[in-house]
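A.B. asks: only geometry, no sequence info:
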């Protein structure tokens, strides 16, 4: 069956318009991400995709789940934490979004955490209305990191953890605690995605 030229032209125009809208949305998504407050650190060592950093003590809002995977219950956990920073707290105060989002798993389940903006202390941070959202402090420490791009399914995170562990073994660094996944981009951001796997180390 032949496709007439006007129909073909309309189809190409619609496709071109949709593609342009997707590109525009990705540009705005990238701009939004770059304006987000980042958790500060001091770079100690860089070797390719691997780094050693020092992080100061930081305040986080955390949700726990019994799901033993990094991605398990991610949507529900994100919804609860987003609700807290968007006003579901005792002051009905809007709290700025930061990056990265911390995800961690252990023998009892997994957690997702939002780092609180640097202007807050534990005394002036609004208390969550949702009892499943807890406010915690992560102590200062040295961390090893592997950087990688693209989307980060569970299998890729686990693979990067092994790569990081092998690098640490070569460097004779001892691991403290469980590895974490750091996510920097919203799910709808398709290009320029940045991810990290992070683990605390005994660095001297």
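C.D. replies: Sure, I can see it. Quantities reported herein were computed from a predicted structural model and do not represent experimental measurements.

A.B. asks: how is the protein carved up into domains?
C.D. replies: 5-35, 38-202 (automatic domain parsing).

A.B. asks: any idea which of those domains scores lowest on pLDDT?
C.D. replies: Lowest mean pLDDT within those: domain 5-35, a mean of 45.

A.B. asks: now the helices: where do they sit in the protein?
C.D. replies: Assigned by DSSP state H, the helices in the chain fall at 5-35, 74-85, 154-171.

A.B. asks: beta partners for the residue nearest the centre of the chain?
C.D. replies: Centroid-nearest residue in the chain: residue 183, 2.0 Å away (criterion: CA atoms, centre = their mean). Applying DSSP bridges to residue 183 yields these beta-bridge partners: residue 101, residue 195.

A.B. asks: Distance check, it against residue 173.
C.D. replies: Going from residue 183 to residue 173 by CB to CB, to the nearest Å gives 24 Å. C-beta coordinates here come from the backbone N, C-alpha and C atoms, glycine included.

A.B. asks: Same check on residue 38?
C.D. replies: To residue 173, residue 38 is 24 Å away according to CB to CB.

A.B. asks: Tell me which of those two has more neighbours.
C.D. replies: Using other CB atoms under 10 Å as the criterion, residue 38 and residue 173 rank with residue 173 on top: 18 against 12.

A.B. asks: what sits against the spatially closest residue to that one that is not a sequence neighbour?
C.D. replies: Spatial nearest neighbour of residue 173, chain neighbours left out: residue 201 (4.6 Å); criterion: CB to CB, 6 or more residues apart in numbering. Residue 201 makes contact with 52, 142-144, 168, 173-176 under the criterion CB atoms under 8 Å, 6 or more residues apart in numbering.

A.B. asks: Repeat that for residue 40.
C.D. replies: So residue 40 contacts 55-56, 118 (CB under 8 Å, 6+ apart).

A.B. asks: Same question for residue 203.
C.D. replies: Taking CB under 8 Å, 6+ apart as the contact definition, residue 203 lies against 44, 52, 142, 173.

A.B. asks: distance of the second one from residue 38?
C.D. replies: Between residue 52 and residue 38 the computed distance is 18 Å (CB to CB).

A.B. asks: what's the closest non-adjacent residue to residue 168?
C.D. replies: residue 144 (5.7 Å).

A.B. asks: neighbours around the closest residue in space to residue 100 that isn't next to it in sequence, how many?
C.D. replies: Leaving out its chain neighbours, the residue that sits closest to residue 100 by CB to CB, 6+ apart is residue 182, at 3.7 Å. The tally of other residues near residue 182 (other CB under 10 Å) stands at 20.

A.B. asks: repeat for residue 179
C.D. replies: Using other CB under 10 Å, residue 179 is surrounded by 22 other residues.

A.B. asks: can you check residue 126 too?
C.D. replies: The number of residues packed near residue 126 is 18, by other CB under 10 Å.

A.B. asks: which residues does residue 86 contact?
C.D. replies: Applying CB under 8 Å, 6+ apart to residue 86 gives the contacts 94-95.
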